[in-house]
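[1] I would like the atomic coordinates for the input below:
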Amino acid sequence: MLARENRLISADDFRATMRTGRKTVSANLVTYTKQTETGLPAKFGFVVAKTVGNAVVRNSVKRRLRAIARNELANFSTNWMIVVRALETAGSASFDQLNQELSTAVKTASDRSTK
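    Here you go, the predicted model:
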């Protein structure tokens, strides 16, 4: 489970991140990253639609993504909001595939910000 301070909760935060953040697309995930000015810890939010599968599959995907995000927090500095949207194929993807895709998206976002 992600700590409360590391979770995106507000619909406005989700909306702002998805509209104005940088978009990274992979086979199973679309990741939106937005750097903020607030000095708050990095925050993750997840969107898993019904197209991914039934409730069991969707919850499994969310649990996997939360576990991966918890591990990625060590690689992130403060001032980030990240929204991860699972595509239809995410339900059949393995943990390792999701891990690699999210790790790559996070690394790409942090590399873009340092340039």
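[2] Run through this structure and note the low-pLDDT ranges.
    For the chain, residues meeting the criterion pLDDT under 70 lie at 77, 112-115.
[3] ok, now with 80
    Filtered on pLDDT under 80, the chain yields the residue ranges 1, 37-39, 74-78, 109-115.
[4] which stretches of it form helices?
    Listed in chain order, the helices of the chain (DSSP state H) span residues 11-20, 55-72, 95-114.
[5] Convert the C-alpha atoms of the last one to PDB, please.
    Coordinates of each C-alpha in helix 95-114 appear next as PDB, following Å, rounded to 0.1, in the frame of the first residue of the first chain:
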ATOM      1  CA  PHE A  95       4.200  -8.200 -13.000                       C
ATOM      2  CA  ASP A  96       7.600  -8.000 -14.600                       C
ATOM      3  CA  GLN A  97       6.200  -6.400 -17.800                       C
ATOM      4  CA  LEU A  98       4.300  -3.800 -15.800                       C
ATOM      5  CA  ASN A  99       7.300  -3.200 -13.600                       C
ATOM      6  CA  GLN A 100       9.600  -2.600 -16.600                       C
ATOM      7  CA  GLU A 101       7.100  -0.300 -18.300                       C
ATOM      8  CA  LEU A 102       6.400   1.800 -15.300                       C
ATOM      9  CA  SER A 103      10.100   2.000 -14.300                       C
ATOM     10  CA  THR A 104      11.000   3.100 -17.900                       C
ATOM     11  CA  ALA A 105       8.300   5.800 -17.900                       C
ATOM     12  CA  VAL A 106       9.400   7.100 -14.500                       C
ATOM     13  CA  LYS A 107      13.000   7.200 -15.600                       C
ATOM     14  CA  THR A 108      12.100   8.900 -18.900                       C
ATOM     15  CA  ALA A 109      10.200  11.600 -17.000                       C
ATOM     16  CA  SER A 110      13.000  12.300 -14.500                       C
ATOM     17  CA  ASP A 111      15.500  12.400 -17.300                       C
ATOM     18  CA  ARG A 112      13.400  14.900 -19.200                       C
ATOM     19  CA  SER A 113      13.200  17.200 -16.200                       C
ATOM     20  CA  THR A 114      16.900  17.300 -15.700                       C
END
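[6] Thank you, goodbye.
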